[in-house]
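Peer 1: One predicted model, sequence on top.
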Amino acid sequence: MELLLQQIMAGLATGGIYACFALAVVMIYQAIDHFNFAQGEMAMFSTYIAWQLMAWGLSFWLAFGLTFVFSLAMGAFLYLVVLKPVQNASALSQIVAFIALMCIFNSLAGTIWDYSVKPFPSPFPETAFFGALVTGHDLGMIAVTLIMLAGVFYFFKFSTLGLAMRAAAQNPESAQLCGVRVQMMTALGWALAAAIGSVAGMMVAYKVFLEPNMMYSIILYGFAAAIVGGLDSPAGAVAGGFLLGVVENLTGVYVPGGSELKLTFALLLIVVVLMFKPTGLFGHRVVKRV
Amino acid sequence: MAFLRVKGLDAWYGKTQVLFGCDIALDQGGVIAVLGANGAGKTTLLRALSGMVRRQGDVILDGAAADQLSPEAVVRLGVAHVPEGRGTFARLTVEENLRLAAIIRKDTAGVRRDFARVYEYFPRLHERRSQQAGTLSGGEQQMLAIGRALMLAPKLMLLDEPSFGLAPQIRRDIFLILKDISRSSNVSMLVVEQNAALALDLASHAYLLETGRIVLSGTTDSFLADDTVRRTYLGY
């Protein structure tokens, strides 16, 4: 029983990572009605910026703040320069642009900072809980995720800007006719998604270490968590992230040979959820009349 | 002094020119109807006025030149365009749809008043205010589209086929409400319609559009008296 509890806590700790990214995925999905496959690499690049700032002697939180601002600008810039020109192209062309962006960031980081694995500091105390399975960093990361969740939830649910952004993504033409500056909303969506991703990256790097490929598996889990929870629900995505973390961890411990099958079980969870609830656990069903 | 004055308006869809030298005048608080067959350029005319297609010519709106403005800027001059297809935000609730249309306004009290007014005109929208707008019926979505236009506190409403695809009873209700809006709030209206009888009943002046050119204009009475118009567009 104690082992189970410990493993659940450890699962929640990993889940916090996925939840962080799932939140960024939901953000961009609400803003552009698409996935952004370069999201993980953008976050990785931002994390390198934070690392560089700290290497120059800045404190963690100062570097954190500056990286956040840098990422906002980077997101808006990428939209205006790279993606705006292709936004009326077919979905497939856009996906190609996303993948190109992903490769560019990956090589760029490798070129600037080389491919060696670098340690990344944690701003949280080293204390360990639950038989050393959960660290102070894990709890801090979960707290940061929940704070961001509260912010994103408030933004979309109650703020006028959030409403305008959802409208711009759903029906750009009609949004224009309501006076919404659609381009600006999309740029803002990119900026916020990049910034949330950068926070996720800075929280995760302590656990997985900093290197250009650090996001490959994490972003996969992030997408999975967002799909499990519901792409239009920030809270659902975060819940999906935690759920995925716990399921993955328990499989590793209780299923014979499970540690090899972690990823399989996590993805199986998506299939099962989508079979019974195609909109994700917390997603809203979109009903359209024809 | 006309509220909207259009002179020599050309407009294009991509590379194809759709409108050729259209002249239109609309007084403050007046209602005009634009009639025409499918493909005559009625929708393009509205889209040209609100800046959604490439156009050339003079458009004077409330004394300001509007022929170079973006749609977002035209809205800010007080133009509410109720588009073809109704422009519903399917995944927003009914109330969020209405709230969205008021985001450019600063007068909180006025917004609250307009919410009450929209719900008074369309009690059905009030009943369904927390429902996703995509679940509404066609008639309700048309009500919502007009409601959104009212939330903009417009000086001019551009209505693109408000009767399209609606049951006769709902069609009549909607036109009665439009009539009431035009009378009670001094809003100018430009109505584009296939259903000429409804449109001529609402408007005081009318224009006939044929393959992108205005071929006839005058009071609605003169339209009703015109044999060709009557036979072609009214069917009697």
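Peer 2: Good, I have the coordinates.

Peer 1: What is the neighbour count of whichever residue of the stretch 151-290 of chain A sits closest to chain B?
Peer 2: The minimum distance from the stretch 151-290 of chain A to chain B, using CB to the nearest CB, falls at residue A:174 (3.2 Å). (Each C-beta comes from the backbone N, C-alpha and C, glycine too.) For residue A:174, the neighbour count with other CB atoms under 10 Å in any protein chain shown is 24.

Peer 1: how near is the residue lying closest to it once chain neighbours are set aside to residue A:58?
Peer 2: With sequence-adjacent residues excluded and distances taken as CB to CB, 6 or more residues apart in numbering or on different chains, residue A:174 is closest to residue B:87, at 3.2 Å. Applying CB to CB, to the nearest Å, the value for residue B:87 to residue A:58 is 48 Å.

Peer 1: So these two - more neighbours on which side?
Peer 2: Taking other CB under 10 Å, residue B:87 and residue A:58 do not tie; residue B:87 has more neighbours (22 against 16).

Peer 1: Just to be sure, that one is in a strand?
Peer 2: No - assessed with DSSP: H, G, I helix; E, B strand; the rest coil, residue B:87 is coil; it does not lie in a strand.

Peer 1: Could you tell me the per-residue confidence at residue 17?
Peer 2: Using chain A. pLDDT for residue A:17: 83.

Peer 1: um, chain B though
Peer 2: 93.

Peer 1: So what's the residue count around it?
Peer 2: 15.

Peer 1: Make sure it is actually in contact with residue B:57.
Peer 2: No - in this structure, residue B:17 is not within contact of residue B:57 by CB atoms under 8 Å, at 11.9 Å.

Peer 1: Between the two, which contacts overlap?
Peer 2: Taking CB atoms under 8 Å, 6 or more residues apart in numbering or on different chains as the criterion, residue B:17 and residue B:57 both touch residue B:10.

Peer 1: residues contacting the residue nearest to residue A:174?
Peer 2: Contacts of residue B:87 (CB under 8 Å, 6+ apart): A:171, A:173-174, A:177, B:145, B:148.

Peer 1: For chain B, which segments are assigned as strands?
Peer 2: With DSSP state E as the criterion, chain B has strands at B:2-13, B:16-27, B:31-36, B:54-61, B:64-65, B:79-82, B:156-160, B:188-193, B:205-210, B:213-219.

Peer 1: Kindly reformat these as CSV containing distance to residue A:37.
Peer 2: Converted to CSV, the strands of chain B look like this (distance: least, CB to CB, whole Å):
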stretch, distance to residue A:37
strand B:2-13, 34
strand B:16-27, 36
strand B:31-36, 46
strand B:54-61, 34
strand B:64-65, 44
strand B:79-82, 36
strand B:156-160, 38
strand B:188-193, 43
strand B:205-210, 47
strand B:213-219, 49
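
Peer 1: residue in chain B nearest to chain A?
Peer 2: residue B:87 (3.2 Å).

Peer 1: quick one: secondary structure of the residue of the stretch 151-290 of chain A closest to chain B?
Peer 2: Going by three-state DSSP: residue A:174 is helix.

Peer 1: give the contact list for it.
Peer 2: By CB under 8 Å, 6+ apart, the contact list for residue A:174 reads A:167, B:83, B:87-89.

Peer 1: Just flag the most distant two among the residues you listed.
Peer 2: Taking CB to CB as the measure, the contacts of residue A:174 span a maximum distance of 13.9 Å, between A:167 and B:83.

Peer 1: which residue is nearest the centroid of chain B?
Peer 2: Relative to the mean C-alpha position of chain B, the nearest C-alpha, by CA atoms, centre = their mean, is the one of residue B:159, at 1.6 Å.

Peer 1: bridging residues for that residue?
Peer 2: On the basis of DSSP bridges, residue B:159 is bridged to residue B:82, residue B:191.

Peer 1: what does chain B have sitting close to chain A?
Peer 2: Residues of chain B lying near chain A by CB under 8 Å from any CB of the partner chain: B:50, B:52, B:70-72, B:75-76, B:80-81, B:83, B:87-92, B:96, B:99-101, B:103-104, B:132, B:134-138, B:148, B:152.

Peer 1: And the contacts of the helix or strand containing residue A:266?
Peer 2: In the assignment (DSSP states H and E), residue A:266 maps to helix A:258-276. For helix A:258-276, the external contacting residues (CB under 8 Å, 6+ apart) are A:217, A:221, A:224, A:227-228, A:243-244, A:247-249, A:251-252, A:255, A:280-281.

Peer 1: The residue nearest to residue B:25 when sequence neighbours are not counted - how many residues pack around it?
Peer 2: Nearest-residue entry for residue B:25: residue B:2, 4.4 Å, with adjacent residues in sequence omitted and distances by CB to CB, 6+ apart. Neighbourhood size, residue B:2 [other CB under 10 Å]: 16.

Peer 1: cool, and residue A:93?
Peer 2: For residue A:93, the tally of surrounding residues (other CB under 10 Å) stands at 12.

Peer 1: just to revisit the earlier point, in ChimeraX, select just the buried ones from the contacts of residue B:87.
Peer 2: Burial among these is assessed by 16 or more other CB atoms under 10 Å in any protein chain shown; the matching ChimeraX selection reads:
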select /A:171,174,177 /B:145,148
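
Peer 1: The closest residue to residue B:57 other than its chain neighbours: neighbour count?
Peer 2: Excluding its sequence neighbours, the residue lying closest to residue B:57 (CB to CB, 6+ apart) is residue B:9, at 3.7 Å. Look at residue B:9: counted by other CB under 10 Å, it has 22 neighbours.

Peer 1: Would you check that residue B:9 makes contact with residue B:46?
Peer 2: No - taking CB under 8 Å as the definition, residue B:9 is not a contact partner of residue B:46, at 11.5 Å.

Peer 1: what's the least confident helix or strand in chain A by mean pLDDT packed up against?
Peer 2: Every helix and strand in chain A was compared by mean pLDDT, DSSP states H and E; the lowest is strand A:128-129, with a mean of 74. Contact here means 3 or more CB pairs under 8 Å, 6 or more residues apart in numbering or on different chains; DSSP states H and E; on that basis strand A:128-129 packs against strand A:134-135, helix A:136-158.

Peer 1: roughly how far apart are the residue nearest to residue A:174 and residue A:223?
Peer 2: 31 Å.
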